[in-house]
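Undergrad: The sequence and its predicted three-dimensional model are supplied below.
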Amino acid sequence: TLFRSVVQVGEGTKRIKVGDYVVIPFILSCGTCDQCCVYNQPTVCEQQQQPGFTMLGSFCEYLAIPRADRNLRVMPSNVSFVEAAALGCRFTTAYRAVVQQGRIREEGVKVVAIFGCGGLGLSCIMVAKCFGAQRILAVDVNAAALNKAMELGATDVIDAKGNDDEYTRKEVLNLTNNKGADLSIDAAGFASTSENAVYCTRRGGRMVQVGLPIGEKRTPQIPMGLVAGREIEIFGSHGFAANDMPDILELVSRGKLDPKQLVEREVSLEEGAKAIEDMDFGSPLGITMVTRFKEFSRL
């Protein structure tokens with residue numbers, strides 16, 4: 001998610017005006033494919049664009065966004081640009097995984113297990129807490145991540161470092177009266193976290209895969225016999241749609257969700273490249289944000 005001030009609009013743009021402060025999700029949908037028009041599933045748009053991946057991202061002074069009326073949302077006046085920019089892709093992605101795909105608002109969803117406590121997992125914890133989860137279990141191999149998880153709302157933590165998957169599964173069951181979680185979320189995308197999330201879901205419960213298991217070594221072996229026998233629902237979750245942005249902005253505006261809790265430091269645009277390089281050596285738990293820009297000029 002990016003935060004920008006609009007300096008120019010195209011001829012066909014009606015809703016977005018010059019001077020508006022807008023939030024930009026990282027999935028930009030086309031508005032013409034079947035996923036957008038027939039199924040109302042813009043997060044899996046056939047022709048989606050992603051700033052920073054398929055087009056220029058936020059590490060620049062100016063950025064052109066296609067189909068502005070569809071893909072931009074105007075900021076509430078009482079939400080700061082740091083709060084808005086910090087929403088993604090962590091909080092927005094977590095919101096879709098926990099609220100929309102995980103359906104945490106349904107009756108009976110009280111115990112949530114989060115596997116992986118990086119930025120996305122910590123955001124899932126905060127969103128689950130925001131929506132009234134009575135118990136939030138956090139699983140990770142990093143002690144600092146687990147401490148942060150407790151600080152942000154986890155009720156129980158499981159340190160999986162040096163322990164096998166069987167240990168993790170037994171710990172989750174012990175903490176849930178041998179039932180498992182109502183909602184399990186793999187926020188890491190490793191084979192083990194995905195498999196554990198399925199094994200730790202209660203009968204008739206729901207598992208959401210939001211961490212991306214890219215590569216052969218991350219391909220999980222899902223026990224489909226267990227899934228069928230226990231009627232476990234498995235949902236994929238990818239990104240966040242622009243038309244849902246007002247919902248999460250409202251949570252921030254009302255003070256129910258504070259994305260600044262994950263902002264660790266702010267840097268200038270010139271420092272951005274170095275900050276990215278530093279991620280190769282282990283990124284911090286908090287967000288590093290580019291918040292200081294200067295007017296672009298050709299030298």
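TA: Received the coordinates, thanks.
Undergrad: going forward, measure contacts between C-alpha atoms and count neighbours the same way
TA: OK.
Undergrad: ranges for the helices of the stretch 151-299 of the chain?
TA: 165-175, 191-199, 224-229, 245-253, 269-278 (DSSP state H, counting those that start in this stretch).
Undergrad: Phe91 is nearest to which of the ones you listed?
TA: Closest to Phe91 of these, according to CA to CA: helix 245-253, at 8.6 Å.
Undergrad: Mind listing residues that contact the closest one?
TA: By CA atoms under 8 Å, 6 or more residues apart in numbering, the surrounding residues in contact with helix 245-253 are 73, 75-76, 78-79, 83-84, 92, 95, 257-259.
Undergrad: Report the buried members of those residues.
TA: Neighbour counting by 16 or more other CA atoms under 10 Å classes 73, 75, 83-84, 92, 95, 257-259 among these as buried.
Undergrad: where are the low-confidence patches of the stretch 101-250 of the chain?
TA: Residue ranges of the stretch 101-250 of the chain with pLDDT under 70: none are present.
Undergrad: now the strands: where do they sit in it?
TA: 111-115, 135-140, 156-159, 181-186, 201-209, 233-236 (DSSP state E, counting those that start in this stretch).
Undergrad: Go through these and name the closest to Ala242.
TA: Of the strands of the stretch 101-250 of the chain, nearest to Ala242 by CA to CA is strand 233-236, at 18.2 Å.
Undergrad: Now do the closest one: which elements does it pack against?
TA: If you count contacts as 3 or more CA pairs under 8 Å, 6 or more residues apart in numbering; DSSP states H and E, strand 233-236 packs onto strand 201-209.
Undergrad: let's see 10 Å
TA: strand 181-186, strand 201-209 (3 or more CA pairs under 10 Å, 6 or more residues apart in numbering; DSSP states H and E).
Undergrad: now these in JSON lines, with distance to Ala64?
TA: Converted to JSON lines, the helices and strands packed on strand 233-236 look like this (distance: least, CA to CA, whole Å):
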{"stretch": "strand 181-186", "distance to Ala64": "34"}
{"stretch": "strand 201-209", "distance to Ala64": "32"}
